[in-house]
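Visitor: based on what follows, work out the 3D shape:
(chains A and B)
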Amino acid sequence: MKQYLLRSASMFLLLVIWMTNVQAFQDDEGCLMCHKYPMMGRITGEGVFRSYYIVPGIFEKTVHRNVPCRDCHNYIKELPHKPVKQGVTCNTECHSITNPATGKPFSHKPIYDTYRKSVHGRDKLTKTSDSDKPYCITCHTNPLYNPKEDKPPSKIIDRCVVCHEKRQFAERWYNHTSRRIKEVRRSSEDIVAICSNCHGKKEFIERRKELAKKEGRELGPKFAFAIDSYKDSFHGKLTRIGFTETANCLNCHANEVNYYKSVHEIRPSRDPLSPTHDNNRVKTCQKCHTYADANYAQLDPHPTSDKEDNPFRYFAEMIYNWVGYIVIAGLVGISMFETFGRWRDGVGLFIRQGSSWWRKSKRGRKRVV
Amino acid sequence: MNLSDNAKKVLERSMQQNRVSDEERKDILDVVAIMPDDRVLLYKNVVSNPIGDLPRYSIHIRIQHMLTFVTFLTLAFTGLPIHFIDTVWSEPLNSLLGGVNVTRIIHRTLASVMIFSMIYHIFTITFGPLLQISRGRFDIYRTIIPTFKDITDFKDDMLYFAGKRDQRPEMDKFMYKQKIHYFAAAFGNLVMVISGSSFLFPEFWASILPTSIAAHFQELMRLSHPHEALLALLVIAFWHWYNVHLAPGRFPMQWTFLTGMITREHQIEEHFLEYLRNLVEIPEERRFLQDLLESRELVPETETPVNSKPVSEQSTP
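Guide: Residues are numbered from 1 along each chain as shown, chains lettered A, B, ... in the order given. A predicted model of the protein is given here:
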């Protein structure tokens, strides 16, 4: 308890130091007039407190720090605003930021549209059975701390400010570009963990199976075992031990032509455009296994011993287990029987004075001493 | 001693192969004649040196056994914590070796040593018999090749242990137990090498196999490698170590794997036919046995002809 209190106090202290040490974002729209109050929020019907408190120091550190509030909360027309019903969606246009490539307002709409067409696509506030599918923020959690956005080296920024004047601008520009130049893919372990959030949950799988049955459609053959079977596979085990060169979920299920786009348009294996479709599997395997051929593409990357999924493996494993039990039991039994037979005839445990037959025999033939 | 027909054949073949003189032949038959009919009395009364009296394994076989057992145990020691990576006990074992990535490298390196041992053994069992054939001394019954007699030996041995038979069967240099063990180990090694290589070179195996079985083969290999390893480890722990370390008379261990020699009492008890060959090939053994039997007054009062009914065919009293 003491340790817990000490830890909490330290964390709180660090948070205070950190928050007071950063410059607040520019609140041109005056949203902080209300949202600066820590207790601002509401209690939902389920009794959960939903905070509407904006901590300037924290927001300043997020990737959306340069986006004015109403670029996303575009339904707010006056202050104080009316109750929010829809909330933010990720396909709105940021009117305050221009896309330098097109000259149009910046928007996540292109990637959002791609995602909507994928097997994971859904509307944010959908009331249908798709509500258990992931939305943008399921994966993009907008972390408060990103090590790749640490303060840039001063020797570089010193050079930038010679022309660009504002040091903060130069630092942000550096972070924005350098973060994208550096590898920003998640690690294999992180990717498996994200996918496991849904595909590893029994309730989700059962619900989806039930739904597919009701709607009369077929799920992928590995849908129910996706995570468990991956973890049992070579790929899964190597990922588990931190091997970075092995395939994770996205290496096979996303098209590598443009990785960052294709991870948003994952398709079921029955879709001819899916990299895991029968027609595309050789090519997909060859991304890592250069010499993979059509036979190789038949190997099961999600092996299970489920009777319906893979009866061959199910019975092979059963035979292996029974052979193991019978062999061990048989050999131990024969050894015991042999010991019993020789022991009755007078064999001793070890050789004593040149013979191990120094015990008295129950079968009548004694050693002549 | 009244030898069985089979024992007589073995003795005769050995004498022919060793080209013994008439004088030696008489000497051998005389020694056989003074042996007690009851083989149990014979092996109970001979004197044995725990580290071995009679030759059994060549230096090549001993080196191969050493290579195989060292690599087998270390392969199990490194392979099990890789396969059971999520268990509590695998973590300290992997850490001990420098982490699982190091364990994997050690495992593969040791596997190549084991494969070398297999190849060495294949050379030995190919060229050894060829050499013996060229010298006119090859006897197929002296090899590990299973024969129908092994089945009857097994049955007779079980009857003896159950007290339904008076003598253990007259077994050859390799008895049924050793033959099962040898072929189980050979089969196991082969499975481990093939399955291990299918993990390392899956593309190669897929490319050489027919489409209809390529996937099944890979799945079977994925199952076989850990199952066969575990089964082999348990067989070694429960059976092989029992037979060579824990069985009464063998405790604390048989020295054969180091000295290449077997004790006299063990040779007579479980490899009587090989002991007859030893009597032909080693004159000192004949002298030793003769002196021992006479000193213990185990020589039968009247010598019986060698073609009378053997003891092993008599019913239990």
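Visitor: list the contacts of A:Ile111.
Guide: Shown in contact with A:Ile111 (C-beta atoms under 8 Å, 6 or more residues apart in numbering or on different chains): A:261, A:264. Bear in mind the C-beta positions are built from the backbone N, C-alpha and C, glycine included.
Visitor: and it, its phi and psi?
Guide: Backbone torsions of A:Ile111, given as degrees, to the nearest 10, read phi -70, psi -30.
Visitor: give the contact list for residue 278.
Guide: This is for chain A. A:Ser269.
Visitor: oops, chain B please
Guide: B:54-55, B:267, B:285.
Visitor: from A:Val184, how far out is A:Asn175?
Guide: Taking C-beta to C-beta, to the nearest Å as the measure, A:Asn175 falls 12 Å from A:Val184.
Visitor: higher neighbour count, those two?
Guide: Set A:Asn175 next to A:Val184 and count neighbours by other C-beta atoms under 10 Å in any protein chain shown: A:Asn175 wins out with 17 against 10.
Visitor: wait, is that one part of a strand?
Guide: No: under DSSP: H, G, I helix; E, B strand; the rest coil, A:Asn175 sits outside any strand and is assigned helix.
Visitor: hmm, it is touching A:Ile157, no?
Guide: No: using C-beta atoms under 8 Å as the test, A:Asn175 is too far from A:Ile157 to be in contact (10.4 Å).
Visitor: any idea how many residues pack against B:Glu91?
Guide: Neighbour tally, B:Glu91, other C-beta under 10 Å: 13.
Visitor: name the nearest residue to it, sequence neighbours excluded.
Guide: Leaving aside its sequence neighbours, B:Glu91 sits nearest to B:Pro81 (C-beta to C-beta, 6 or more residues apart in numbering or on different chains; 7.9 Å).
Visitor: show me the shaky parts of the chain.
Guide: You didn't pick a chain, so chain A it is. For chain A, residues meeting the criterion pLDDT under 70 lie at A:1-6, A:8-25, A:142-145, A:148, A:183, A:369.
Visitor: that's the wrong chain, I wanted chain B
Guide: Within chain B, the stretches with pLDDT under 70 are B:302-317.
Visitor: and B:Val191, what is it in contact with?
Guide: Counting by C-beta under 8 Å, 6+ apart, B:Val191 touches B:224-225, B:228.
Visitor: try it again with 7 Å
Guide: Contact partners of B:Val191, counting by C-beta atoms under 7 Å, 6 or more residues apart in numbering or on different chains, are B:224, B:228.
Visitor: that one should be in a strand, yeah?
Guide: No: using three-state DSSP, the assignment for B:Val191 is helix, not a strand.
Visitor: ok, now how distant is it from chain A?
Guide: Distance, B:Val191 to chain A, by C-beta to the nearest C-beta, to the nearest Å: 11 Å.
Visitor: thinking again about what came up before, now the residue nearest to B:Glu91: which helix or strand?
Guide: helix B:59-83 (DSSP states H and E).
Visitor: can you list contacts of that helix?
Guide: With contacts defined as C-beta under 7 Å, 6+ apart, helix B:59-83 is touched by B:90, B:93-94, B:97, B:100, B:103-104, B:106-107, B:110-111, B:113-114, B:117, B:120-121, B:124, B:226, B:229, B:233, B:257-258, B:260.
Visitor: give me the nearest residue to the closest residue to chain A within chain B, chain neighbours excluded.
Guide: Nearest residue of chain B to chain A: B:Phe161, at 2.7 Å (C-beta to the nearest C-beta). Leaving out its chain neighbours, the residue that sits closest to B:Phe161 by C-beta to C-beta, 6+ apart is A:Gly341, at 2.7 Å.
Visitor: do the same with B:Met114
Guide: In space, B:Met114 is closest to B:Thr71, 4.1 Å off (C-beta to C-beta, 6+ apart).
Visitor: how many neighbours does that neighbour have?
Guide: 20.
Visitor: cool, and A:Ser51?
Guide: With neighbours defined by other C-beta under 10 Å, the count for A:Ser51 comes to 12.
Visitor: so what's it up against?
Guide: Counting by C-beta under 7 Å, 6+ apart, A:Ser51 has contacts A:Gly41.
Visitor: and it, how far from B:Leu209?
Guide: Going from A:Ser51 to B:Leu209 by C-beta to C-beta gives 61 Å.
Visitor: circling back: what about the residue of chain B closest to chain A, neighbour count?
Guide: Counted with other C-beta under 10 Å, B:Phe161 comes out at 21.
Visitor: residues contacting A:Arg180?
Guide: By C-beta under 7 Å, 6+ apart, A:Arg180 lies in contact with nothing.
Visitor: typo on my end, it should be A:Gly30
Guide: Applying C-beta under 7 Å, 6+ apart, the residues contacting A:Gly30 are A:Leu79.
Visitor: host element of it?
Guide: For A:Gly30, there is no enclosing helix or strand under DSSP H and E.
Visitor: list the buried ones in the lengthiest helix in chain A?
Guide: As assigned by DSSP state H, the longest helix anywhere in chain A is helix A:311-344. Counting neighbours by 16 or more other C-beta atoms under 10 Å in any protein chain shown, one finds that the buried residues in helix A:311-344 are A:313, A:316-317, A:320, A:324, A:327-328, A:331, A:334-335, A:338-339, A:341-343.
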